[in-house]
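Colleague: All I have is the shape, not the residue letters:
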């Protein structure tokens with residue numbers, strides 16, 4: 001049977017660790033070399049990397065409400081009333097400027113303008129413009145900051161989602177939550193530092209690598225919670241194995257792994273040992289966490305009826321608050337179904353009905369518990385939607401293609417100025433006129449709120465120090481409180 005050769009640098013690194021581990025000065029040398037490679041395990045008594053946070057950040061944790069499939073900014077946040085008089089007219093070449101299109105619309109003979117069928121109004125003292133599709137978000141208009149000028153290089157879903165989550169379009173880099181777990185560590189020894197949950201149906205598949213640790217040690221990857229069966233795979237003991245037997249089994253296994261660690265010096269062995277111990281503690285902590293039956297009725301009313309149904313976006317928002325209360329550092333909610341190339345008015349109304357109330361409720365719930373002051377909440381997708389119609393256009397129906405040139409998200413909580421709008425797009429929500437915000441800028445700003453200098457949170461891999469923002473990223477200082 002053919003076996004792919006191990007990469008030379010990784011193979012030599014393992015040999016080096018094994019050789020030094022067996023030498024008289026092995027332990028000290030291994031520690032030094034691993035530290036140089038960025039692979040050394042942090043002392044158990046430290047929550048994260050030494051020296052972090054770099055400064056006093058206002059946020060301790062993040063809840064990221066990722067809307068997979070790309071919500072249309074034109075129908076939710078970026079009000080363009082003048083488009084009504086251009087209905088079905090061709091998008092001017094002076095606006096499109098020859099920019100690339102996806103394969104789904106590049107062969108269209110025309111690019112007719114499709115104004116939103118939904119009305120907009122200003123809300124709160126801040127006067128935020130919001131669509132009628134977001135009546136509950138309108139109630140928190142003075143708590144959120146809307147960024148209307150996000151832009152990205154990626155024009156298709158998988159690279160765009162990978163890019164906004166990891167800072168690179170190609171798979172293999174650590175996700176935002178993994179970087180945060182690596183840098184700041186955990187706030188709770190009985191739960192993971194990073195939890196991911198998925199809801200919704202249809203659209204692009206969501207791969208586990210989106211909450212993976214990439215080239216970071218695997219202890220920093222996210223743990224996916226499920227809505228059916230055990231919340232976490234293999235959480236329950238096998239039939240006939242009680243907790244006492246399980247404890248003895250893990251103790252024996254730990255001793256064997258410790259012997260192997262001393263022989264090879266591979267940090268993944270100690271990661272595996274730590275994860276076994278965390279899994280054992282989670283057998284008690286996770287069932288209590290996911291049992292929402294004792295939540296009062298007014299909380300279910302706040303989040304909506306769907307919050308009583310496991311696996312819905314609303315129930316995941318409620319779990320996100322409970323995770324936040326228990327010290328989980330990063331909670332990532334993915335909600336699918338926003339990829340609306342056709343019949344957008346019908347589909348986006350359904351999506352908003354599933355997400356609007358729970359999103360707003362989460363912010364209100366955190367605020368009333370005093371948690372919003374040190375929690376960062378992010379709502380948004382991977383790119384925006386075109387002003388021109390994909391497919392058949394009528395007065396009441398249209399579709400929209402992918403649009404990386406500009407899209408909208410909102411951010412609330414610790415370190416963010418509330419009730420403001422940042423950035424301006426042109427009359428077609430096609431190009432940015434003022435205050436562009438690149439994906440790297442967004443991630444740099446979120447890290448800043450957590451007390452992290454994005455240029456200094458690095459990890460050495462394959463001879464180079466990597467970071468979430470690659471070699472880019474500028475703070476969006478205007479939105480910082």
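Modeller: Structure received. Source: prediction; values computed, not measured.

Colleague: Extract the residue ranges of the protein that are flagged as low pLDDT.
Modeller: For the chain, the stretches with pLDDT under 70 are 1-47, 229, 233-237, 240-241, 245-246, 249, 251, 273-282, 284-285.

Colleague: Please repeat the previous calculation with a cut-off of 90.
Modeller: Counting by pLDDT under 90, the chain shows low-confidence ranges at 1-48, 50, 188-190, 202-205, 218-219, 226-291.

Colleague: Which stretches in it count as helices?
Modeller: Using DSSP state H, the helices of the chain run over residues 8-22, 26-37, 73-76, 93-96, 135-138, 157-166, 176-184, 243-264, 267-290, 297-303, 313-325, 344-368, 439-449.

Colleague: out of these, nearest to residue 377?
Modeller: Among the helices of the chain, helix 344-368 comes nearest to residue 377, with 5.9 Å by Cβ to Cβ. For the C-beta atoms, the positions are set from N, CA and C on the backbone; glycine is no exception.

Colleague: Would you mind giving the helices of the chain as JSON lines with mean neighbour count and distance to residue 396 added?
Modeller: Shown next, in JSON lines, are the helices of the chain (neighbours: other Cβ atoms under 10 Å; distance: least, Cβ to Cβ, whole Å):
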{"stretch": "helix 8-22", "mean neighbour count": "14", "distance to residue 396": "58"}
{"stretch": "helix 26-37", "mean neighbour count": "15", "distance to residue 396": "60"}
{"stretch": "helix 73-76", "mean neighbour count": "28", "distance to residue 396": "13"}
{"stretch": "helix 93-96", "mean neighbour count": "12", "distance to residue 396": "24"}
{"stretch": "helix 135-138", "mean neighbour count": "20", "distance to residue 396": "21"}
{"stretch": "helix 157-166", "mean neighbour count": "22", "distance to residue 396": "27"}
{"stretch": "helix 176-184", "mean neighbour count": "26", "distance to residue 396": "39"}
{"stretch": "helix 243-264", "mean neighbour count": "13", "distance to residue 396": "60"}
{"stretch": "helix 267-290", "mean neighbour count": "16", "distance to residue 396": "42"}
{"stretch": "helix 297-303", "mean neighbour count": "15", "distance to residue 396": "31"}
{"stretch": "helix 313-325", "mean neighbour count": "24", "distance to residue 396": "27"}
{"stretch": "helix 344-368", "mean neighbour count": "21", "distance to residue 396": "7"}
{"stretch": "helix 439-449", "mean neighbour count": "23", "distance to residue 396": "34"}
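
Colleague: Can I get those in TSV including distance to residue 58?
Modeller: Below are the helices of the chain laid out as TSV (distance: least, Cβ to Cβ, whole Å):
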stretch	distance to residue 58
helix 8-22	39
helix 26-37	31
helix 73-76	27
helix 93-96	39
helix 135-138	23
helix 157-166	22
helix 176-184	14
helix 243-264	39
helix 267-290	26
helix 297-303	25
helix 313-325	15
helix 344-368	14
helix 439-449	6
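
Colleague: so which of the ones you listed gets nearest residue 83?
Modeller: Of all the helices of the chain, it is helix 73-76 that lies closest to residue 83, at 8.0 Å by Cβ to Cβ.

Colleague: which residues sit against the closest one?
Modeller: Contact with helix 73-76 is made by 80, 83, 116-118, 130-131, 133-134, 148, 344-345, 348, 352, 384-385, 387, 400, 406-408, 429, as judged by Cβ atoms under 8 Å, 6 or more residues apart in numbering.

Colleague: Kindly recompute the last result at 6 Å.
Modeller: If you take Cβ atoms under 6 Å, 6 or more residues apart in numbering as the criterion, helix 73-76 is touched by 116, 118, 131, 348, 384, 407-408, 429.

Colleague: Setting aside sequence neighbours, what's the nearest residue to residue 200?
Modeller: residue 336 (3.7 Å; Cβ to Cβ, 6 or more residues apart in numbering).

Colleague: quick one: the one you found from residue 177, how far?
Modeller: With distances taken as Cβ to Cβ, to the nearest Å, residue 336 is found 18 Å from residue 177.

Colleague: try residue 56
Modeller: Residue 56 is 22 Å from residue 177, where distance means Cβ to Cβ.

Colleague: Residue 79 now?
Modeller: For residue 79 relative to residue 177 (Cβ to Cβ), the value is 33 Å.

Colleague: and if you look at residue 68?
Modeller: Distance from residue 68 to residue 177, by Cβ to Cβ: 16 Å.

Colleague: try residue 120
Modeller: Applying Cβ to Cβ, the value for residue 120 to residue 177 is 33 Å.

Colleague: What's the local residue count around residue 471?
Modeller: Residue 471 has 8 neighbouring residues, counting by other Cβ atoms under 10 Å.

Colleague: neighbours of residue 152, just the number please.
Modeller: Residue 152 is flanked by 22 other residues according to other Cβ under 10 Å.

Colleague: Surely the residue nearest to residue 200 is in contact with residue 199?
Modeller: No: contact criterion Cβ atoms under 6 Å: residue 336 and residue 199 do not qualify, at 7.3 Å.

Colleague: Between these two, tell me which one has more neighbours.
Modeller: residue 199 (23 against 20).

Colleague: Report the beta-bridge partners for that one.
Modeller: In this entry, residue 199 is beta-bridged to residue 335, by DSSP bridges.

Colleague: Surely it touches residue 310?
Modeller: No: judged on Cβ under 6 Å, residue 199 makes no contact with residue 310 at a distance of 9.8 Å.

Colleague: before we move on, back to that, for the helices of the chain, which one sits closest to residue 210?
Modeller: Of these, nearest to residue 210 by Cβ to Cβ is helix 157-166, at 5.3 Å.

Colleague: Let me know the angle separating that closest one from helix 439-449.
Modeller: In terms of direction (axes from the mean of the first three to the mean of the last three Cα atoms, to 10 degrees), helix 157-166 departs from helix 439-449 by 30 degrees.

Colleague: which secondary structure elements does helix 157-166 contact?
Modeller: In terms of contacts (3 or more Cβ pairs under 6 Å, 6 or more residues apart in numbering; DSSP states H and E), helix 157-166 is packed against no helix or strand at all.

Colleague: got the contact list for that helix?
Modeller: Counting by Cβ under 6 Å, 6+ apart, 152, 154, 169, 171, 173, 175-176, 204, 210, 382-383, 439 sit against helix 157-166.

Colleague: and those as TSV, adding distance to residue 416?
Modeller: Formatted as TSV, the contacts of helix 157-166 follow (distance: Cβ to Cβ, whole Å):
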residue	distance to residue 416
152	21
154	25
169	27
171	30
173	25
175	21
176	16
204	29
210	24
382	21
383	22
439	17
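
Colleague: Now which of those would you call buried?
Modeller: Among the contacts of helix 157-166, those classed as buried by 16 or more other Cβ atoms under 10 Å are 152, 154, 169, 173, 175-176, 204, 210, 382-383, 439.

Colleague: Residue 232 and residue 408: what is the separation?
Modeller: From residue 232 across to residue 408, the span is 34 Å (Cβ to Cβ).

Colleague: now residue 84
Modeller: According to Cβ to Cβ, residue 84 stands 20 Å off from residue 408.

Colleague: Please apply the same query to residue 433.
Modeller: Distance from residue 433 to residue 408, by Cβ to Cβ: 14 Å.

Colleague: more crowded one of those two?
Modeller: Neighbour tally, residue 433 and residue 408, criterion other Cβ under 10 Å: the higher count belongs to residue 408, 25 against 12.

Colleague: who touches the more buried one in this structure?
Modeller: Residue 408 makes contact with 73, 77-78, 148, according to Cβ under 6 Å, 6+ apart.

Colleague: Test my guess that residue 391 contacts residue 342.
Modeller: Yes: with contact defined as Cβ under 6 Å, residue 391 counts as touching residue 342 (5.1 Å).

Colleague: Alright, calling it a day.
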